[in-house]
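Undergrad: Compute the structure for the input listed below.
(3 chains)
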Amino acid sequence: MPAPRADLVPLPRSFHDRDPVTVARALLGQRLVHRVAQGDLRIGRIVEVEAYLGPQDRAAHTSKGRTRRTEAMFGPPGHAYVYLIYGMHHCMNVVTGPEGSGTAVLLRALEPEGELPHASNGPGRLCKAMGIDRRHYGHDLCSADLFIAAAPAVDAADIVVRPRIGVDYAGEWALKPLRFYVAGNRFVSRP
DNA sequence: AGGATGATATCC
DNA sequence: GATATCATCCTC
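TA: Numbering: from 1, shown residues only, chains lettered A, B, ... in the order given. Predicted structure coming up:
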């Protein structure tokens, strides 16, 4: 049995229990880790994210109110909000704080660390590469098998800020600078 | 530029 | 119960 990597431990819930813009910026550079099975450990550095600001944010799913679908996004921080989009792609969010705020950060792209079975640029590909699907809806990201692990942070000067992708229906909210990615990183979905 | 493909919200 | 919409991706 291989020795566990001491550097791969979950970040504390307090990391996620902050406003979504702060968490979005802080997540850049951190590792997403999924122990799919014995001998299948998948790791990627987060290089692109989007912040969703809660019920007043017309682009956020929680703007539709508290439903069975959005329950996880209204739940406590540090959990996964996973949903199926366009009938075939999963997207993963990290719920941010405080509980009940309906805020989250969408993970849009990873830089692979080691082997991943598929490309991980784009929110649907990211989930496919990491083996994440609806089974992970509401999953605690401060757990042993699927979590965010600490890695060197990205310098603020290397963070590019842009409007979010695919939310044109959201009026003025579509224009707000809530997408963040690592400047020059080749795994960003839309540089 | 268009189609895949299914859950969800929002109508009738 | 029907339908429009969708925080996308792939192929043409």
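Undergrad: going forward, measure contacts between C-alpha atoms and count neighbours the same way
TA: OK.
Undergrad: all strands of chain A, in order?
TA: Assigned strands in chain A, in chain order: A:31-37, A:40-52, A:80-85, A:89-95, A:104-113, A:146-149, A:159-162, A:179-182 (criterion: DSSP state E).
Undergrad: want to throw those strands into CSV with mean pLDDT and distance to A:His61?
TA: Output for those, formatted as CSV (pLDDT from 0 to 100; distance: least, C-alpha to C-alpha, whole Å):
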stretch, mean pLDDT, distance to A:His61
strand A:31-37, 97, 23
strand A:40-52, 98, 8
strand A:80-85, 98, 10
strand A:89-95, 98, 11
strand A:104-113, 98, 10
strand A:146-149, 98, 23
strand A:159-162, 98, 20
strand A:179-182, 98, 16
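Undergrad: wouldn't A:Leu11 be in contact with A:Cys142 here?
TA: Yes. The criterion here is C-alpha atoms under 8 Å, and A:Leu11 meets it with A:Cys142 at 6.7 Å.
Undergrad: that older thread, between the strands of chain A, which gets nearest to DNA strand B?
TA: Nearest to DNA strand B among those is strand A:80-85 (4.8 Å), distances taken as C-alpha to the nearest atom of the strand.
Undergrad: Using CSV, write out every CA atom in that closest one.
TA: Below are the C-alpha coordinates for strand A:80-85, written out as CSV (Å, rounded to 0.1, in the frame of the first residue of the first chain):
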residue,chain,number,x,y,z
ALA,A,80,-20.1,20.5,-3.7
TYR,A,81,-23.0,21.8,-5.7
VAL,A,82,-23.0,19.6,-8.8
TYR,A,83,-25.6,19.8,-11.6
LEU,A,84,-26.2,18.4,-15.0
ILE,A,85,-26.3,20.9,-17.9
